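S.K.: quick check, what structure comes out for this input:
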Amino acid sequence: MDRWLQRCGIVVRAVDAFHDWVGRAMGWLVLLMVLLGAFNAVARYAGRSLGRDLSSNGYLEAQWYLFSAIFLLAAAYGLRRNAHVRVDVLYGRLSSRWRHWIDLVGSLLLLLPFCLFAIWSSWPSLLASWRILEQSPDPGGLPRYPLWALIPIAFAMLALQGFAEVIRNLAALRGIELKSNGPESNGPESNGPQSTEMKSGVATSDSFTAAASAASPSLAEGETGPPQHPGEAS
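M.R.: Now for the predicted structure:
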């Protein structure tokens with residue numbers, strides 16, 4: 001069992017590396033989407049002043065399509081970085097072993113079956129859209145059939161990362177550490193009580209912790225420098 005898990009570590013690292021690459025690509029798509037949205041806003045008002053139609057339905061739909069692609073394709077990257085919103089009362093207070101068990105059971109009973117169901121339920125609509133090469137009903141709109149393909153692809157990627165998480169949690173329960181290619185940690189060890197607590201009805205999510213870690217590791221760890229005494233202030 002342990003040898004099999006160690007061999008699966010190669011697959012886990014490959015899946016992690018692939019989704020890290022996809023996550024970086026989605027970051028560039030976010031920039032493109034923001035620039036396109038800014039252009040649509042400026043072109044709409046500038047066109048009114050100039051008496052010309054500078055924008056189009058194609059530009060607007062391209063912005064929506066980019067958002068859909070980012071939302072779908074970055075889901076596996078979010079799971080890989082443990083950046084999905086996590087609201088709980090007990091999870092963050094449990095030991096690392098219990099958190100591994102919860103993640104393992106949740107992946108096997110909830111995540112993977114849901115991904116398979118999403119692929120199965122979206123397949124007939126995908127085939128129907130590609131059969132007629134579905135187009136936008138708006139004048140100057142974009143084809144819609146390629147967008148349908150993103151749904152099963154995204155959930156297949158999410159299921160693949162879910163399988164990697166199953167292997168990672170199994171290995172952790174067996175006392176085997178599967179090294180990750182990325183600098184950021186993922187898994188229950190990175191989910192301390194500080195990142196998953198609920199105070200006054202306001203839930204803190206792991207996505208904020210991941211964002212803080214990416215922006216400034218010292219801020220994420222709570223290091224704000226040595227305290228200054230009144231006599232030391234200049």
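
S.K.: C-alpha from now on. contacts and neighbour counts both.
M.R.: Noted.

S.K.: can you pull the contacts of the most centrally placed residue in the chain?
M.R.: Centroid check for the chain by Cα atoms, centre = their mean gives Gly78 as the closest residue, at 2.4 Å. With contact taken as Cα atoms under 8 Å, 6 or more residues apart in numbering, Gly78 is in contact with His84.

S.K.: so which strand or helix has it?
M.R.: Element membership for Gly78, per DSSP states H and E: helix 75-80.

S.K.: pLDDT below threshold where in this structure?
M.R.: Residue ranges of the chain with pLDDT under 70: 1-2, 6, 179-234.

S.K.: just the strands in it please.
M.R.: Residue ranges of the strands in the chain, as given by DSSP state E, are 198-199, 202-203.

S.K.: now Leu147. Nearest residue, chain neighbours left out?
M.R.: Leaving out its chain neighbours, the residue that sits closest to Leu147 by Cα to Cα, 6 or more residues apart in numbering is Tyr65, at 7.2 Å.

S.K.: any idea how far the one you found is from Gly140?
M.R.: Tyr65 sits at a distance of 15 Å from Gly140 (criterion: Cα to Cα, to the nearest Å).

S.K.: Gln161 too?
M.R.: Look at Gln161 and Gly140: by Cα to Cα, they are 37 Å apart.

S.K.: please verify my assumption that Leu54 contacts Tyr45.
M.R.: No - taking contacts as Cα atoms under 8 Å, Leu54 lies outside contact range of Tyr45: 9.0 Å.

S.K.: and the top helix by length along the chain, what does it pack onto?
M.R.: Longest helix in the chain, counting residues (DSSP state H): helix 2-50. Where contact means 3 or more Cα pairs under 8 Å, 6 or more residues apart in numbering; DSSP states H and E, helix 2-50 is packed against helix 57-73, helix 75-80, helix 145-173.

S.K.: re the thing from before, for the residue nearest to Leu147, grab the count of nearby residues.
M.R.: 17 (other Cα atoms under 10 Å).

S.K.: how much space between it and Leu170?
M.R.: From Tyr65 across to Leu170, the span is 37 Å (Cα to Cα).

S.K.: any idea how far the residue nearest to Leu147 lies from Arg144?
M.R.: 9 Å.
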